[in-house]
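Engineer: Would you be able to build a 3D model of this:
(4 chains)
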There are 2 protein chains.
Amino acid sequence: MTRWLDDDEQHTWRGFLAVNRMLFERLERQLQTGAGMPHAYYEILVRLSETPGRTLRMSELATNAHSSRSRLSHAVARLEEMGWVRRKPCASDRRGALAELTDEGMAALVAAAPGHVEEVRAQLFDALSAEQVAALGEIYDTVLAHMALSHMAPSRTAGPHMTPAETNAGA
Amino acid sequence: MTRWLDDDEQHTWRGFLAVNRMLFERLERQLQTGAGMPHAYYEILVRLSETPGRTLRMSELATNAHSSRSRLSHAVARLEEMGWVRRKPCASDRRGALAELTDEGMAALVAAAPGHVEEVRAQLFDALSAEQVAALGEIYDTVLAHMALSHMAPSRTAGPHMTPAETNAGA
DNA sequence: TCAAACGTGTTGAGGGCTCAACTATTCCTA
DNA sequence: TAGGAATAGTTGAGCCCTCAACACGTTTGA
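Structural biologist: Here you go, the predicted model:
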């Protein structure tokens, strides 16, 4: 019943896993030692910095930074301790909260950016041609569109993943 | 000085980040609720299951599963508690340790695999044509080859510690 | 031969994340 | 316009991971 991965899919999937783990490990290390923050925090600062007024509702920030509400709440608490973000009440909705990037936070981001971009370049883009970069971007767009759809469509039946080798595909 | 990302690169990079966070979030959730293990542990079980004798040296297992030694050590401790893996001394090198997949561990993997594969398919491969799958696999191969090289031939010019490099907006 | 260097694996502290439960506010509708 | 449902955000427990330090076995070279 299970639609196991064929050889091409298996190969691509293992490449995906390897690239992701290695790339993120290196990015995290670079950001942590070079700028004292994990990548998730960097992303939060970036999104705030791109917003006019450098201020966003928590929930909107969560969406932009691909974060859960809970994760963002913990993260902003930490970022507040560091003095990089400030919480403010939301005038139009008293349930809400606003997160505002402080000048110190902006400075931390400006200081972190060059080293981070260099690492992304060194690990990823330096390996790829312009055509490959474009192709990769299109593939990601396709996947994102698909994920957004499947998020609304229901019915997840049980099904399998990597073949446990010894059981053979049967497993 | 900084070689910022151009528009295509920026677009691809943001797609990469979005796909990765969403995909892993869904995979982790599926595996956790469906099989009671995080993806990192699933990967460890897979690598062991693929080895004749279902046994590997810790360091080799770490490499295969894209794990640090420390992470693997913690993980195997946990997997031992669950009864899915057993540690054994290594005869040829008394520093070493072997990790062996137990029958219970194999059963857990066989039970977990269908649901996991289905999720990978639903979230990723169902969105892509065979050509896209192949193209993606080649791109990952390229990146992996590049990463392996840059790992040995260092000379990261900017140095591991970046001085908060004053300048430039961007982010 | 034996000490220094190296390799292998473990440990514990600390931090980030998920999950579920919770408070507070706003929306919806009868 | 009250009451329930939905939304916004927070919190704490528990788990996983990283980092640095450690223990111990092996290799090397003077």
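
Engineer: how is chain A carved up into domains?
Structural biologist: Per the record, chain A has its domains at A:12-115, A:125-154, by automatic domain parsing.

Engineer: Do any residues in stretch A:54-69 lie close to DNA strand C?
Structural biologist: Yes. With CB under 7 Å from any atom of the strand as the criterion, DNA strand C is reached by stretch A:54-69 at A:67-68. Yep, even glycine has a C-beta here, placed from its N, CA and C like the rest.

Engineer: Please report phi then psi for the nearest residue to A:Leu79 once chain neighbours are set aside.
Structural biologist: With CB to CB, 6 or more residues apart in numbering or on different chains as the criterion, A:Leu79 has its nearest non-adjacent residue at 4.0 Å, and that residue is A:Val85. Dihedral pair for A:Val85: phi -140, psi 150, per degrees, to the nearest 10.

Engineer: Kindly provide the distance from A:Ala40 to A:Leu72.
Structural biologist: Remark: distance between A:Ala40 and A:Leu72 (CB to CB, to the nearest Å) = 9 Å.

Engineer: what is in contact with these two at once?
Structural biologist: Both A:Ala40 and A:Leu72 are in contact with A:Ala65, where contact means CB atoms under 8 Å, 6 or more residues apart in numbering or on different chains.

Engineer: So for these two, which residue has more residues nearby?
Structural biologist: Neighbours per residue, other CB atoms under 10 Å in any protein chain shown: of A:Ala40 and A:Leu72, the larger number sits with A:Leu72, 22 against 17.

Engineer: What's the separation between the more buried one and chain B?
Structural biologist: From A:Leu72 over to chain B the distance is 13 Å, taken as CB to the nearest CB, to the nearest Å.

Engineer: Which parts of the helix or strand where A:Leu27 lies count as buried, going by neighbours?
Structural biologist: Per DSSP states H and E, A:Leu27 falls inside helix A:7-35. For helix A:7-35, burial by neighbour count (16 or more other CB atoms under 10 Å in any protein chain shown) applies to A:9, A:11-20, A:22-23, A:26-27, A:30-31, A:34-35.

Engineer: which of those residues are close to chain B?
Structural biologist: Among the buried residues of helix A:7-35, proximity to chain B is found for A:9, A:11-13, A:15-20, A:22-23, A:30, A:34-35 (CB under 8 Å from any CB of the partner chain).

Engineer: isn't there a helix covering A:Ala91?
Structural biologist: No. Counting by DSSP: H, G, I helix; E, B strand; the rest coil, A:Ala91 is not part of a helix but coil.

Engineer: For the residue nearest to A:Leu79, which residues count as its bridge partners?
Structural biologist: According to DSSP bridges, the residues that bridge with A:Val85 are A:Leu101.

Engineer: what does chain A have sitting close to DNA strand D?
Structural biologist: Contact residues, chain A versus DNA strand D (CB under 7 Å from any atom of the strand): A:25, A:28-29, A:32-33, A:57-60, A:62, A:69-70, A:72-74, A:76-77, A:87, A:90, A:93, A:95-98.

Engineer: could you redo the last one with a cut-off of 10 Å?
Structural biologist: A:21, A:24-26, A:28-33, A:38, A:56-63, A:68-77, A:80, A:87, A:89-90, A:93-99 (CB under 10 Å from any atom of the strand).

Engineer: Out of the domains of chain A, which is the most enclosed?
Structural biologist: Comparing these by mean neighbour count (mean count of other CB atoms under 10 Å in any protein chain shown), domain A:12-115 comes out on top with a mean of 17.

Engineer: Can you give me the first-to-last residue distance of that one?
Structural biologist: Domain A:12-115 has an end-to-end distance of 30 Å (criterion: CA to CA, to the nearest Å).

Engineer: From the chain's centroid, how far away is it?
Structural biologist: The chain centroid and the centroid of domain A:12-115 are separated by 10 Å under CA atoms, centre = their mean, to the nearest Å.

Engineer: Tell me if the helix or strand of chain A with the lowest mean pLDDT is near chain B.
Structural biologist: Here the helix or strand of chain A ranked lowest by mean pLDDT, DSSP states H and E is helix A:130-152, holding a mean of 92. Yes. Using CB under 8 Å from any CB, we find that helix A:130-152 touches chain B at A:130, A:132-137, A:139-147, A:150.

Engineer: Over to A:Arg95. Which of the three states is it?
Structural biologist: Following three-state DSSP, A:Arg95 is assigned to coil.

Engineer: Tell me which residue in chain A sits closest to DNA strand D.
Structural biologist: Using CB to the nearest atom of the strand, the closest approach of chain A to DNA strand D is made by A:Ser59 at 2.7 Å.

Engineer: Assess the claim that that residue and A:Arg69 are in contact.
Structural biologist: Yes. Look at A:Ser59 against A:Arg69 with CB atoms under 8 Å: they come within range, at 6.6 Å.

Engineer: what does stretch A:131-149 contact?
Structural biologist: Defining contact as CB under 8 Å, 6+ apart, one finds that stretch A:131-149 is touched by A:125, A:128, B:8-9, B:11-12, B:15-16, B:18-19, B:22-23, B:123-124, B:126-128, B:132, B:135-136, B:139, B:142.

Engineer: let's go with 7 Å and repeat that
Structural biologist: Contacts with stretch A:131-149, where a contact means CB atoms under 7 Å, 6 or more residues apart in numbering or on different chains, come from A:125, B:8-9, B:11-12, B:15-16, B:18-19, B:22, B:123-124, B:126-128, B:132, B:135-136, B:139.
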